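In: need coordinates for the below:
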Amino acid sequence: MAFKTLAAAVELDVFTALSGRGARTEAELAAELGLAPRPARVLLAALTSLELVERTGDGRYRNTPLAQEFLVEGVEDHFGGFVQFYDRVLYPGWQGITEALRTDSPVFAEPEERDSVFEVDNFVMTEFFGNAMHAVALTTAGALAGAYDVGGHTALLDVGGSSGGFPIELCRRYPHLRATVYDLPHVCPVATKKVAAAGLEDRIGTAPGDLFTDAALPSGHDLIVLSQVLHCAGEERNRETLRKCFEALPPGGAVVVCELLLDPARSGPPAAALMGMNMLVAHDGGENNSETEYLGWLADTGFVDLEVVRFEAAGANGAVVGRRPA
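Out: Numbers count the residues shown, from 1 in each chain. As a prediction, the model looks like this:
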């Protein structure tokens, strides 16, 4: 109920309305949103209980700092697209979770036609998914930068980079860094648009391709990031992806796997375990893995100097790092 309440408020642009003209009375907001008094009253009570809006002493409503930072249309860290993607694309699939468990197949895509809805050129991918992942990527990249020395690298390859949020955030922090977003041909224009809006066209480019069918990854980068990529596939594909990373890196180059990592006993944390259920709904073969599993795959591929760095972000609770021998 809480999530669907949030999704409805995002679709109605409640938080943007409260931001644009400041605190509003219940009647004023109802009129602006085209709502009758009862639905407006019920919605505002629910949003207040969720600490997304607050009521002032004179009976007006305004956004809480959390909503103001993340749910107002136009702010860079806008999570509205993320909410809409889950509401319109993933949430309906969860109604078939029992089918996914019984059949070992995704339920919101058409398994007989493709492994995932993200593999084809469609509105869902280019609009919802790109917007959904942008704020997640920005915040996750910022958290990684606080835990790992990204500044020790000069060229970043963001594999499955979607909107380019990861390199945008890191290039802002490190003026010497250049980056490439590697993703499907119909996704790269989304990154190009976001990069241009950030004013970083001279440092961030795109490389259209398909991770699963291309023989090799683009070369010339000493850092490869896989952020929320490996959880979309099974062990065989992930080992092949890491092999491609190893071959694309120069000696001493590093691969960084950012994920919601399960603990070694695969008993939590809840965010990682439940994201695994989400991958069961959304992808053929996808699941969240433990740091132990990732470390094993990296070692088997030939990576050395393995380490796990911890942080908390919307898209990951840490990263597993490996280097190609110098």
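
In: and residue 205, how far from residue 233?
Out: Residue 205 sits 25 Å away from residue 233, taking CB to CB, to the nearest Å as the criterion. All C-beta atoms are positioned from the backbone trio N, CA, C, and that covers glycine.

In: which of the two has more residues huddled nearby?
Out: The residue with more neighbours, out of residue 205 and residue 233, is residue 233; 22 against 19, by other CB atoms under 10 Å.

In: contacting residues for the more buried one?
Out: 212, 241, 283, 285, 286 (CB atoms under 8 Å, 6 or more residues apart in numbering).

In: just flag the most distant two among those residues.
Out: Distance extremes for the contacts of residue 233: the farthest pair is 241 and 283 at 13.9 Å, using CB to CB.

In: what residue ranges in the stretch 151-300 of the chain score low on pLDDT?
Out: Within the stretch 151-300 of the chain, no range satisfies pLDDT under 70.

In: helix or strand right after the lengthiest helix in the chain?
Out: Criterion DSSP state H: the longest helix present in the chain is helix 130-145. Next helix or strand after helix 130-145 toward the C-terminus (DSSP states H and E): strand 155-159.

In: may I have whichever helix or strand comes after that following strand exported as PDB, CA atoms only?
Out: Remark: after strand 155-159, the chain's next helix or strand is helix 165-173, criterion DSSP H and E. Below are the C-alpha coordinates for helix 165-173, written out as PDB (Å, rounded to 0.1, in the frame of the first residue of the first chain):
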ATOM      1  CA  GLY A 165      24.800   8.400 -14.700                       C
ATOM      2  CA  PHE A 166      27.900   6.600 -13.400                       C
ATOM      3  CA  PRO A 167      30.500   8.300 -15.600                       C
ATOM      4  CA  ILE A 168      28.700  11.600 -15.300                       C
ATOM      5  CA  GLU A 169      29.100  11.600 -11.500                       C
ATOM      6  CA  LEU A 170      32.700  10.300 -11.600                       C
ATOM      7  CA  CYS A 171      33.900  12.600 -14.300                       C
ATOM      8  CA  ARG A 172      32.500  15.600 -12.300                       C
ATOM      9  CA  ARG A 173      34.600  14.400  -9.300                       C
END
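
In: what packs against helix 165-173?
Out: On a contact count with 3 or more CB pairs under 8 Å, 6 or more residues apart in numbering; DSSP states H and E, helix 165-173 meets helix 130-145, strand 155-159, strand 178-183, helix 188-197, strand 204-208.
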